[in-house]
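> with the sequence up front, the predicted model follows.
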Amino acid sequence: MSTPTAAASSGTNGKNNSAKFSGAFAPSFTLNVSQSKTNNNGGGGGGRGMVPAQGGRGGHSEALLPPPEFTSPADVRNYCNHLRAVMVQVSFEVAMGAEILKGVLSTVPDPEGRIGGSKARAWRVSRKLGKAADAAASAAKNAAATYAAFQQAYEEEINRVRHRARRPQGPRMDWAQQ
């Protein structure tokens with residue numbers, strides 16, 4: 001018995017064999033996701049230096065975000081920047097997953113034999129992951145916008161502390177006067 005690939009390459013009865021070939025062809029894709037943890041705080045235990053007694057997340061060392069302790073403008077900025085960075089990375093990974101899913105599902109033959117039916121079904125399914133990627137990108141934009149809104153709404157308080165914290169400047173050289 002000849003295989004679909006041998007019959008298709010020999011050119012005999014190619015129309016009928018192409019339908020058999022598309023049903024037999026199923027590439028295998030493997031998506032491996034791994035998470036590495038680093039502990040930069042010098043001690044053992046939970047990551048990111050969180051201590052449960054100080055309002056951490058009960059020792060949840062795999063948290064993607066720092067604890068929401070907004071005690072200074074720097075805390076707000078760091079939280080928003082960290083959230084933005086995480087969501088940008090998530091949006092890229094989910095968008096890539098959507099494309100891979102669409103590619104894999106488009107190889108599954110349509111049960112009714114419609115032309116383009118398998119690609120249409122794959123697109124309908126992978127579109128939902130694409131929307132999730134768009135939502136993650138939107139969350140990243142909103143995280144950056146949150147800090148901008150914070151700066152604008154609390155400009156007076158931030159500037160009051162910022163001017164007080166500046167060192168007085170010494171005399172400056174004026175190169176325009178010669």
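Arrived safely.
> from here on, just use CA atoms for contacts and neighbour counts.
Fine.
> buried residues in whichever helix in the chain runs longest, which are they?
Counting by DSSP state H, the longest helix found in the chain is helix 117-153. Across helix 117-153, burial judged by 16 or more other CA atoms under 10 Å covers 117-123, 126-127, 129-130, 132-134, 136-137, 139-144, 146-147, 151.
> for that helix, packing partners?
With contacts taken as 3 or more CA pairs under 8 Å, 6 or more residues apart in numbering; DSSP states H and E, helix 117-153 sits against helix 73-105.
> just want the angle from the helix it packs on to helix 117-153.
With axes from the mean of the first three to the mean of the last three CA atoms, to 10 degrees defining the directions, helix 73-105 sits at 170 degrees from helix 117-153.
> what comes up buried for helix 73-105?
For helix 73-105, by 16+ other CA under 10 Å, it's 76-84, 86-88, 90-91, 94-95, 97-105.
> and that helix, what does it pack onto?
Against helix 73-105 (3+ CA pairs under 8 Å, 6+ apart) you get helix 117-153.
> hmm, who's touching whichever helix or strand comes after the helix it packs on?
Next helix or strand after helix 117-153 toward the C-terminus (DSSP states H and E): helix 155-165. Contacting residues not belonging to helix 155-165 are listed as 73, 151 [CA atoms under 8 Å, 6 or more residues apart in numbering].
> could you do stretch 77-96 as well?
64-66, 68, 129-130, 132-137, 139-141, 143-144, 146-147.
> low-confidence stretches in this protein?
Residue ranges of the chain with pLDDT under 70: 1-61, 163-169.
> contacting residues for residue 114?
Residue 114 sits next to no residue when contact means CA under 8 Å, 6+ apart.
> gap between residue 100 and residue 122?
Separation of residue 100 from residue 122 (CA to CA, to the nearest Å): 10 Å.
> one more: residue 144?
On the measure of CA to CA, residue 144 and residue 122 end up 34 Å apart.
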